[in-house]
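Visitor: here is my input, please return the structure:
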Amino acid sequence: MAGRWLGIYPSITALLLLLGPYLLGHYPTPLIALLLTALLVPLTHYVVFPLVERLTRGWVRFPALHGAAHHRVALLVWAVTYPLITAVLLVVLPVLAGRAPLPLITLVVTLIAVPIQSLVILPRLMPRARPWILGAQRSPA
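Guide: Numbering: from 1, shown residues only. So this is what the prediction gives:
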């Protein structure tokens, strides 16, 4: 979980520092969450997490899937991330927006969402999704 957070917190903070002025206060929270998670999940899944693995010299590891299975995991993670982040933002933003700097807001959001996703939702969902995920790795008979 710490490895995921290590990749997600700086990524979402950077995305919001870049895009926040154009999004926050101009669009509804669910639409902002949709756009941000649509950018964040591929960015972290394909770029940031492999970078974290290299920078930590293997201390942090992420599942090694390839091809369609790798893409299906990314899609599943996004399907979990979008509603979770939307819910957390709907609770956190009214309390902290305008009262706390953006890095503190993303810190709070990620400290709530990443453990829920990593320790509660994905461990229950992945075993059920395993046939669909791994079905992508099997070669046709």
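
Visitor: middle-most residue in this structure, spatially?
Guide: For the chain, the residue sitting closest to the mean C-alpha position, by Cα atoms, centre = their mean, is residue 41 at 4.8 Å.

Visitor: residue boundaries of the helices in the protein?
Guide: 2-23, 29-42, 49-55, 67-96, 102-115, 122-135 (DSSP state H).

Visitor: ranking these by mean pLDDT, which is last?
Guide: Across the helices of the chain, helix 49-55 has the smallest mean pLDDT, namely a mean of 79.

Visitor: that one: which residues count as buried?
Guide: 49, 52-53 (16 or more other Cβ atoms under 10 Å). Where you see a C-beta, it was placed from the backbone N, CA and C, and this is true even at glycine.

Visitor: over to stretch 27-35?
Guide: 29, 32-34.

Visitor: what about it, distance to the chain center?
Guide: With Cα atoms, centre = their mean, to the nearest Å as the basis, stretch 27-35 stands 15 Å off its chain's centre.

Visitor: same list, the buried residues of stretch 27-35, but as a markdown table with distance to residue 122 please.
Guide: Output for these, formatted as a markdown table (distance: Cβ to Cβ, whole Å):
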| residue | distance to residue 122 |
| --- | --- |
| 29 | 23 |
| 32 | 23 |
| 33 | 18 |
| 34 | 20 |
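
Visitor: quick revisit: quick check: closest non-adjacent residue to the residue nearest to the centre of the chain.
Guide: Spatial nearest neighbour of residue 41, excluding adjacent residues (Cβ to Cβ, 6 or more residues apart in numbering): residue 78 at 4.2 Å.

Visitor: kind regards, and thank you for your time.
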